[in-house]
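1. Build me a model from this:
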Amino acid sequence: MKFSEYGDKSASLIVFLHGGGVSGWMWDKQIQHFPHYHCIVPDLPEHGLHSDDIKFTIKGSAELVINLIEQKASGKKIILIGFSLGAQVIIQILSMKPYLIDFAIINSALVRPYPHIEKWIIPTIKWSFPLIKNKYFSRIQAKTLYVNEAYFEKYYEESARMEMETFIRVLQENMSFRIPKAFKQAETKILVTVGEKEKAVMKKSATDIVASHLNCQGVILPKIGHGFPLAKPDLFNDMVERWLLKGDLPKDYRVI
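-> Just a heads-up that it's a prediction; the model follows:
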């Protein structure tokens, strides 16, 4: 697993896990904000500009991240922060290693599988896949994820490099994921967030995650869609820092 490392290597460890269709660059603003932490930003398999012999699965990615943490943590406090696909990987990690992680922030994780996904996803992707390499369509997609102009070329380059088989595999993993039974055993303090403007299934997923674990807090973020860390990085960073240090959250966030 390829990763980048930043900050104070003697401090608590934060591992940032990106969403599908992007890579570690989505956390640039967080890396700048948290130099007083030991920050690690992996690229999940089959993401980013590198080709990878390892095929993406949520469980396989969780195993790789666990191995990386066990190599790097050295008795430190461990914090996981994930968005979308990366947030699903966090749920899997907590289910596999219930005593490993101290804090986890799960942002916009889908845990309600789409029905009959195997029947419709392959024909749908085969029809729509050429659009991914279309720059105009890519701009529309980038806008929905709050990818700004400074990062668009990187986003487009990575999207255009993705093979159809990879795209299908990532979507199948994402849209069939459900909360593992062992998740409730995790000893981690967990914050679950979802945007007010996200789809209903995402809000229901956030509610499901909070209901499945006694250590979960959940909030709905006002006026935000799918992509809080990119849409409002300063606000995201402030929320993370306040929650980690004081355990509190802004009063205008609606509790789940």
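
2. For whichever helix or strand residue 120 is part of, name the packing helices and strands.
-> Using DSSP states H and E, residue 120 sits within helix 117-132. Packing contacts for helix 117-132, counted by 3 or more Cβ pairs under 8 Å, 6 or more residues apart in numbering; DSSP states H and E, involve helix 135-144, helix 164-176. Backbone N, C-alpha and C define where each C-beta goes, glycine included.

3. mean confidence for the shortest one?
-> Computed over helix 135-144, the mean pLDDT rounds to 92.

4. for it, packing partners?
-> Packing partners of helix 135-144 (3+ Cβ pairs under 8 Å, 6+ apart): helix 117-132, helix 149-161.

5. And the strands in the chain, which stretches?
-> Ranges of strands in the chain, per DSSP state E, are 3-7, 13-17, 38-42, 78-83, 103-107, 189-195, 216-221, 254-255.

6. Could you export the ones you listed to a markdown table, including columns for distance to residue 139?
-> What follows is the strands of the chain, written out as a markdown table (distance: least, Cβ to Cβ, whole Å):
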| stretch | distance to residue 139 |
| --- | --- |
| strand 3-7 | 27 |
| strand 13-17 | 25 |
| strand 38-42 | 25 |
| strand 78-83 | 20 |
| strand 103-107 | 23 |
| strand 189-195 | 21 |
| strand 216-221 | 24 |
| strand 254-255 | 31 |
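
7. Select, out of those, the one closest to residue 141.
-> Residue 141 lies closest to strand 78-83 among those, at 15.5 Å (Cβ to Cβ).

8. Return the helix or strand in the chain with minimum mean pLDDT.
-> When the helices and strands of the chain are scored by mean pLDDT, DSSP states H and E, helix 117-132 comes last with a mean of 82.

9. Rebuild the strands of the chain as JSON lines, extending it with distance to residue 176, mean pLDDT and mean neighbour count.
-> Listed next are the strands of the chain as JSON lines, based on distance: least, Cβ to Cβ, whole Å; pLDDT from 0 to 100; neighbours: other Cβ atoms under 10 Å:
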{"stretch": "strand 3-7", "distance to residue 176": "26", "mean pLDDT": "96", "mean neighbour count": "15"}
{"stretch": "strand 13-17", "distance to residue 176": "19", "mean pLDDT": "98", "mean neighbour count": "25"}
{"stretch": "strand 38-42", "distance to residue 176": "22", "mean pLDDT": "98", "mean neighbour count": "24"}
{"stretch": "strand 78-83", "distance to residue 176": "18", "mean pLDDT": "98", "mean neighbour count": "25"}
{"stretch": "strand 103-107", "distance to residue 176": "18", "mean pLDDT": "98", "mean neighbour count": "25"}
{"stretch": "strand 189-195", "distance to residue 176": "19", "mean pLDDT": "98", "mean neighbour count": "24"}
{"stretch": "strand 216-221", "distance to residue 176": "22", "mean pLDDT": "96", "mean neighbour count": "21"}
{"stretch": "strand 254-255", "distance to residue 176": "29", "mean pLDDT": "94", "mean neighbour count": "10"}
